[in-house]
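Student: sequence below, structure please.
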Amino acid sequence: MDHDGLVARRLIEAAARSGAALIAETAAAVSGWAVLVDPTTGAVYSSPDRAAAAGTSAAAGAGGAAARSGDSDGGSDTTVLQVVGAALVVHAGPDVSARRVELVTRTTAGLLEVRARRAEELTSAEMRLHAVVTRLLLRGETGLAAEVIGGPTSHATVYRLSGGADPQAAYQAVWRALLPTGTRQDAPTLITLLDGELVVVALHDAARDDGRVLRLIARSAERHGLLGGVADPAPLDMLAAAFTEAGQARAGAAVGRRLAAGLGDRALLRIIPPDRLATWASSLLGPLAPPQRQALEGWLRTGSVGATAQMLGISRGTARSRLRTAGERLGGLDTPLALARLSLALRAPAAGPVESAGSADADPAAVLPTELVDAAQARRWATALAEPLDTPQRIALRVWLNHLGSVAPAAEELGLHRTTLRRWLEEIGRRLDVDLSSATVRADLCLALETLADPDDSPGTLPRRGGRTYQRSGAL
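Tutor: Below you'll find the predicted structure:
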């Protein structure tokens, strides 16, 4: 067995390389395993990887105090020591003395403290850098931001959180929780405080991110009493629109559902193979040049020519011109169904060039292109999504969506007062557990309701009393 001085020297050399190297050397020094466990994120470093679950379990069982307990596997011991807001878990082999375990554990804890103090010296500058890069992205300066970020990132998922007793403490906690993820070069994450609210921008490639950041933020929100919203993944040049979407989604957050998102697993994207979607979208959007595509996506996400112009740094006249050109090349932007399908296409992963730039539909009458999903599967998806609604609610929602979310003309067609329709829409949103202000949510709902529509789904079939549409007891 190596003498104490050699063991300590190896631990110091490992700490100089990285936290992961230090934990690996700790495991080797006790002929067992070692795990550093964060209370929010779980295992930060684990050696070997398969020990992560056992380390997390031991840390949870130890609570907030240091502990040393006999392990059921033979005569070996597990030591849990609280250090820098985390738990160091060391499991020694059967032939290692208690004195050696104590030496290794205390030395590793001390080195982790030193690394934490060093990190704090750099954290302030790094936090300012995150804030600057986030503001650059929100201003549309994607080129400058990309030079700072580095790595193959083309899309981002935006989270906005607020509330809690101590926003600054929550910010620090989320920073620590996401730091192991945020420092990965292939998936950088920006974390900052903007005007008192916590903003997290998870950068990734064209495919949807793997959900790691979502899970960490959900746990952090619960732990610190935050309420937040998350937008659908968006290209970097659409980050300002995604930022707005996340703020709208946050309005639907509440205790028990602290992080509000779109449709989640109910989204149409979850049932369409990505390669099919990419090929279809590339064909559908093929006639558009990048400027028209950017303008179209901005307009579909924000619903406003002015907001699109501001986001892209162009005049309103230029934005209108690009949208007009897009409409001419795509055969029109005048129907809600066409816009919903374009919204779906713009959310597709990137694909290579295709030979045909025309429509990809084998059955033009189908609401959802048959190249994407067969009719039976489409109807099952739509039925499950709209299941919480009764027929009058589906009719009201469909009419409202067909008027592009405008209450006044929808209320007139339904024969309702505008205030009544707003109350109906609030109830529909609660039943579906969605934020109806989200453009992507509305697009999926439009496709679902059109898939289910039949001749009886018209305002004329709504129940009436005395010539007016009425609210039934226990329903709307």
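
Student: just the strands in the stretch 201-350 of the chain please.
Tutor: With DSSP state E, counting those that start in this stretch as the definition, the stretch 201-350 of the chain shows strands at residue ranges 226-230, 234-235, 259-260.

Student: mean confidence (pLDDT) on the second one, please.
Tutor: The reference is to strand 234-235. In this model, strand 234-235 has a mean pLDDT of 80.

Student: pull the residues that contact it.
Tutor: Surrounding strand 234-235, the residues in contact under the criterion Cβ atoms under 8 Å, 6 or more residues apart in numbering are 154-158, 241-242, 245, 297, 301. (Glycine included, C-beta is placed from N, CA and C.)

Student: before we move on, what about the first one?
Tutor: Contacting residues not belonging to strand 226-230 are listed as 157-164, 170, 198, 214, 217, 220-221, 245-254, 258-262, 435 [Cβ under 8 Å, 6+ apart].

Student: buried subset of those as a ChimeraX selection?
Tutor: Typed into ChimeraX, the line below selects the buried ones among the contacts of strand 226-230, using 16 or more other Cβ atoms under 10 Å:
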select :157,158,159,160,161,162,163,164,170,198,214,217,220,221,245,246,247,248,249,250,252,253,258,259,260,261,262,435
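
Student: helices - which of the contacts of strand 226-230 land there?
Tutor: Secondary structure assignment by DSSP state H places 170, 214, 217, 220-221, 245-250 of these in helices.

Student: which one of these is nearest Ala348?
Tutor: Taking Cβ to Cβ as the measure, Glu245 is the one of those closest to Ala348, at 17.7 Å.

Student: which residues touch that closest one?
Tutor: Neighbouring residues of Glu245 by Cβ under 8 Å, 6+ apart: 158, 229, 231-232, 234, 301, 438-440.

Student: can you give me the helices for the stretch 301-450 of the chain?
Tutor: Secondary structure of the stretch 301-450 of the chain by DSSP state H, counting those that start in this stretch: the helices cover 305-312, 316-330, 336-346, 375-386, 391-402, 407-414, 418-432, 439-452.

Student: what of the stretch 51-200 of the chain?
Tutor: Secondary structure of the stretch 51-200 of the chain, counting by DSSP H, counting those that start in this stretch: helices at 52-62, 98-138, 142-149, 167-182.

Student: against which helices or strands is the first one packed?
Tutor: It stands for helix 52-62. When contacts are defined as 3 or more Cβ pairs under 8 Å, 6 or more residues apart in numbering; DSSP states H and E, helix 52-62 sits against strand 33-38, strand 42-47, strand 77-83, strand 86-91.

Student: tell me the angle of that helix relative to strand 42-47?
Tutor: In terms of direction (axes from the mean of the first three to the mean of the last three Cα atoms, to 10 degrees), helix 52-62 departs from strand 42-47 by 120 degrees.

Student: next, the buried residues of helix 52-62.
Tutor: Going by neighbour count (16+ other Cβ under 10 Å), the buried part of helix 52-62 is 52, 54-56, 58-59, 62.

Student: quick one: Pro188 from Ala242, how far?
Tutor: 16 Å (Cβ to Cβ, to the nearest Å).

Student: and Arg430, by the same measure?
Tutor: With the distance defined as Cβ to Cβ, Arg430 ends up 24 Å from Ala242.

Student: neighbour count for the two, which is higher?
Tutor: Between Arg430 and Ala242, counting by other Cβ atoms under 10 Å, Ala242 is the more crowded of the two (26 against 11).

Student: surely the more buried one is in contact with Ala231?
Tutor: Yes - applying Cβ atoms under 8 Å as the test, Ala242 and Ala231 come out as touching, 4.0 Å apart.

Student: need the residues touching each of these two.
Tutor: For the pair Ala242 and Ala231, residues contacting each of them under the criterion Cβ under 8 Å, 6+ apart are 157-158.

Student: could you check how many residues crowd around the spatially closest residue to Cys446 that is not a sequence neighbour?
Tutor: In space, not counting the residues next to it along the chain, Cys446 is nearest to Ala340; the distance is 4.1 Å by Cβ to Cβ, 6 or more residues apart in numbering. Neighbour count for Ala340, taken as other Cβ under 10 Å: 26.

Student: quick check, nearest of the contacts of strand 234-235 to Leu285?
Tutor: Sorting these by how near they are to Leu285, with Cβ to Cβ, puts Glu297 at the top with 9.7 Å.
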